[in-house]
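**Student:** Give me the fold of what follows.
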Amino acid sequence: MRFFAFLLALWLALAQASHAFAHASLMRAEPADGAVLAQPPPTLRLTFNEPVSPLIFRLIDPIGQTISPAVAAENTTITLTPPRLREGSYLLSWRVISADGHPVGGSLLFSIGAPTAQQAPTQSGGEPIVQVALWAAKLVLYIGLFIGIGGAFFGAWIAERGADRARPWLLTVIAAGLIATVISVGLQGLDALELPLAALTRQAAWQTGFQTSYGSTAIVAACASFAGLLALITSSRRAAQGLSLLALLGVGLALSLSGHATTAEPGLLTRPSVLLHGICVALWIGVLLPLIMAMYGGSGNRALARFSRAIPYPLAVLVVTGVTLAVVQLDRIDALWTTSYGIVLSCKLTAVAALLALAVINRYALVPRFESAGSAAARPLVTSTAVELVIALAILALVALWRFTPPPRALALAGPQVSIHFHGERAMTQIEIASVRARGAHVSIQVLDGELRPLAAKEITLVFSNPAAGIEPVRRIAANEDDSLWRIDDLRIPLAGRWRLRVEILISDFDRVVLDDDVELPRLP
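**Tutor:** Numbering: from 1, shown residues only. Next up is the predicted model:
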């Protein structure tokens, strides 16, 4: 009962953790990508769907020189203040760290006066060698947490002395995971800053790695690994049980402090689900190595019987939490085969299904035979368990790939996006239309006067019409956010094509400015 009370308390603590949103996506850029401005903007502004922290910003001028603007972060907005810019095209390359601890980058092109040499905006991707090294470090870390600490818990609580043969292996696995935990922090910093592997010795890489949410995960994972090592080397069974229990809880807690799933809403559901999912994975696959070693030694009957009676409950929790997290991360069923995240998830689900099938065969066919015939029937069960262990390692390798694949729920926030600029004698507008899959499109409207100063308006109305398709004008009144920024939520464009768009700016009861033009719009959402 104390164990379940502790889990409940931990669940409530996680549910009250700081609010975070999805994987960061750029929602609006001012000036917009491809914009041609009449006058130099006093500031550049990037607005994201969640709070972010700045990492690297490079502003390349028309002759290829790098300008260092002043950078300020406030909630979801990054504001850059460059020196006065001259005419020509500028490339802004940016990189930020999102609330889930993952770096996000990109670039945009804008011009002042007239464009000069054209440069295509690119999406920042990081150093491939660093990303491979980070994947490998995370894989070793997961092996140490799930197989090493799970095995230590099995040996202390279930196997009694039957897991002694596996102790050197478990010590090695946990120690390797501990080393990988430390190294992964520096690699996390390198990936965030887009530095080469040779820069691993730089202080900036380690500082950046610890400053991300992954820093908390690494600290808790290291503490859990130390507890697991102590549980394996202590001679007191009671101490081993206490230490292994703390280590097991540390596995779930470490995973719940960073990553895509833990930043998804609702946090009351996702964070505890990640915690319980991690604990149950360790309880399941952590027994495989000790069982193999015990059965090779001609023992393990009693431990196997205990494990067979206890494992259905963690497996049930594992399935429920896994399904919950998958539903939260996928915004639609076809994401399982149309997105990188979904493909990894599909491969993982296939491997898990194979693992469950082997578990059923073991439980109802091979285990009863081993219990009745003893070591004479051990070989088929050992072989089947070894195959389970190989599949479990493959699953961990797949899970480590998620570090580089944003979930579909984040991709849905990121596009498609349409930028429209209207320029008149008395006013100009920058309109950004961002689609949110299956939930309409969000429209932001910035209104400025002819001198690029905020234009005070009483009301802004967008009017959409498509005479060729027989669609009469649709009027949407915008809500004011600040002096020059307005928004419209849940806009829907029923079909793609050429639309007539009119912006009505009510300055006073007797003064109104109208800007209109034909624009190409996609179907939204």
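**Student:** Residue ranges in the stretch 51-200 of the chain under the pLDDT threshold?
**Tutor:** Low-confidence segments of the stretch 51-200 of the chain (pLDDT under 70): 100, 116-126, 160-163.
**Student:** Show me the helices in it, by range?
**Tutor:** 128-142, 150-157, 167-193 (DSSP state H, counting those that start in this stretch).
**Student:** mind saving the C-alpha coords of the second one as PDB?
**Tutor:** By that I understand helix 150-157. Output of helix 150-157 as PDB, limited to C-alpha atoms (Å, rounded to 0.1, in the frame of the first residue of the first chain):
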ATOM      1  CA  GLY A 150      14.800  -3.300 -14.000                       C
ATOM      2  CA  GLY A 151      17.100  -6.300 -13.400                       C
ATOM      3  CA  ALA A 152      18.300  -4.900 -10.100                       C
ATOM      4  CA  PHE A 153      14.600  -4.600  -8.900                       C
ATOM      5  CA  PHE A 154      13.800  -8.100 -10.100                       C
ATOM      6  CA  GLY A 155      16.800  -9.500  -8.200                       C
ATOM      7  CA  ALA A 156      16.000  -7.700  -5.000                       C
ATOM      8  CA  TRP A 157      12.200  -8.300  -4.900                       C
END
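**Student:** Quick check: phi and psi at residue 496.
**Tutor:** phi -80, psi 150 (degrees, to the nearest 10).
**Student:** Contacts only, for the residue nearest to it when sequence neighbours are not counted.
**Tutor:** Closest residue in space to residue 496, ignoring its immediate chain neighbours: residue 523 at 4.5 Å, by CB to CB, 6 or more residues apart in numbering. For glycine as for every other residue, the C-beta is placed from the backbone atoms N, C-alpha and C. Neighbour list for residue 523: 493-496 [criterion: CB atoms under 8 Å, 6 or more residues apart in numbering].
**Student:** repeat for residue 87
**Tutor:** Applying CB under 8 Å, 6+ apart to residue 87 gives the contacts 62, 112-114.
**Student:** Check what contacts stretch 306-317 and list those residues.
**Tutor:** 154, 158, 276-277, 279-280, 283-284, 287, 291, 356, 359, 363, 367.
**Student:** pLDDT below threshold where in this structure?
**Tutor:** The chain contains residues with pLDDT under 70 at 1-24, 100, 116-126, 160-163, 297-300, 331, 374-377, 409-417, 436-440, 525.
**Student:** what residue is smack in the middle of it?
**Tutor:** Here the mean C-alpha position of the chain is nearest to the C-alpha of residue 260 (CA atoms, centre = their mean), at a distance of 2.8 Å.
**Student:** before we move on, back to that, between the contacts of stretch 306-317, which is nearest residue 471?
**Tutor:** Nearest to residue 471 out of these is residue 277 (CB to CB; 47.7 Å).
**Student:** Would you check that that closest one makes contact with residue 323?
**Tutor:** No - taking contacts as CB atoms under 8 Å, residue 277 lies outside contact range of residue 323: 10.2 Å.
**Student:** that older thread, and the contacts of residue 87 as a markdown table, adding neighbour count?
**Tutor:** Shown next, in a markdown table, are the contacts of residue 87 (neighbours: other CB atoms under 10 Å):
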| residue | neighbour count |
| --- | --- |
| 62 | 17 |
| 112 | 21 |
| 113 | 15 |
| 114 | 9 |
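**Student:** can you redo those residues as TSV with distance to residue 74?
**Tutor:** Output for the contacts of residue 87, formatted as TSV (distance: CB to CB, whole Å):
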residue	distance to residue 74
62	29
112	25
113	30
114	33
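**Student:** Just the ones of the residues you listed in strands?
**Tutor:** Cross-referencing these against strands under DSSP state E gives residue 112.
**Student:** Can you tell me which of the contacts of residue 87 lies closest to residue 452?
**Tutor:** Distances from residue 452 to the contacts of residue 87, taken by CB to CB, are shortest for residue 112, at 10.9 Å.
**Student:** what is the closest one paired to in the beta sheet?
**Tutor:** In this structure, residue 112 bridges to residue 37, residue 88 when assessed by DSSP bridges.
**Student:** please renumber so the chain begins at 3
**Tutor:** Got it, the first residue is 3 from now on, which makes the last one we talked about residue 114.
**Student:** and it, what is it in contact with?
**Tutor:** Residue 114 makes contact with 38-42, 87-90, 92, according to CB under 8 Å, 6+ apart.
**Student:** can we see that at 6 Å?
**Tutor:** Contact partners of residue 114, counting by CB atoms under 6 Å, 6 or more residues apart in numbering, are 39, 42, 87, 89.
**Student:** now, which of those residues sits nearest residue 190?
**Tutor:** Taking CB to CB as the measure, residue 190 sits nearest to residue 87 out of the contacts of residue 114, at 34.3 Å.
**Student:** looking at it, that closest one is touching residue 42, isn't it?
**Tutor:** Yes - with contact defined as CB atoms under 6 Å, residue 87 reaches residue 42; the gap is 4.2 Å.
**Student:** Relative to residue 70, which of the helices of the stretch 53-202 of the chain is closest?
**Tutor:** For residue 70, the closest of those is helix 169-195, at 15.8 Å, according to CB to CB.
**Student:** that older thread, could I get the phi/psi values of the residue nearest to the centre of the chain?
**Tutor:** The phi/psi pair for residue 262 (degrees, to the nearest 10) is phi -60, psi -50.
**Student:** how close does it sit to residue 109?
**Tutor:** From residue 262 over to residue 109 the distance is 24 Å, taken as CB to CB, to the nearest Å.
**Student:** now do residue 383
**Tutor:** 56 Å.
**Student:** higher neighbour count, those two?
**Tutor:** Applying other CB atoms under 10 Å to residue 383 and residue 109 shows that residue 383 carries more neighbours, namely 22 against 18.
**Student:** what residues does the strand or helix carrying the more buried one touch?
**Tutor:** Using DSSP states H and E, residue 383 sits in helix 380-403. Outside helix 380-403, the residues within contact range by CB under 6 Å, 6+ apart are 137, 140-141, 144, 287, 290, 293-294, 297, 346, 349-350, 353, 356-357, 360, 364, 368, 372.
**Student:** residue contacts, the residue lying closest to residue 74 once chain neighbours are set aside?
**Tutor:** Setting aside the residues directly before and after it, residue 74 is nearest to residue 81 in space (CB to CB, 6+ apart), at 4.8 Å. If you count contacts by CB under 6 Å, 6+ apart, residue 81 has them with 45, 47, 74.
**Student:** just the residues you listed now: which is nearest residue 481?
**Tutor:** Once CB to CB is applied, the member of the contacts of residue 81 that ends up nearest residue 481 is residue 47, at 19.2 Å.
**Student:** and of the contacts of residue 114, the nearest to residue 341?
**Tutor:** Distances from residue 341 to those, taken by CB to CB, are shortest for residue 39, at 35.3 Å.
**Student:** Could you count how many residues lie near the closest one?
**Tutor:** 20.
**Student:** what does the one 10 residues further on give?
**Tutor:** For residue 49, the count of nearby residues is 18 (other CB under 10 Å).
**Student:** Then residue 209?
**Tutor:** By other CB under 10 Å, neighbour count at residue 209 equals 14.
**Student:** Nearest residue to it in space, ignoring adjacent ones along the chain?
**Tutor:** Nearest non-adjacent residue to residue 209, counting by CB to CB, 6+ apart: residue 191, 6.9 Å away.
**Student:** how close does the one you found sit to residue 185?
**Tutor:** 11 Å.
**Student:** These two - which one has more neighbours?
**Tutor:** It is residue 191, of residue 191 and residue 185, that has more neighbours when counted by other CB under 10 Å, with 29 against 19.
**Student:** Contacts only, for the more buried one.
**Tutor:** Residue 191 sits in contact with 207-208, 210-211, where contact means CB under 6 Å, 6+ apart.
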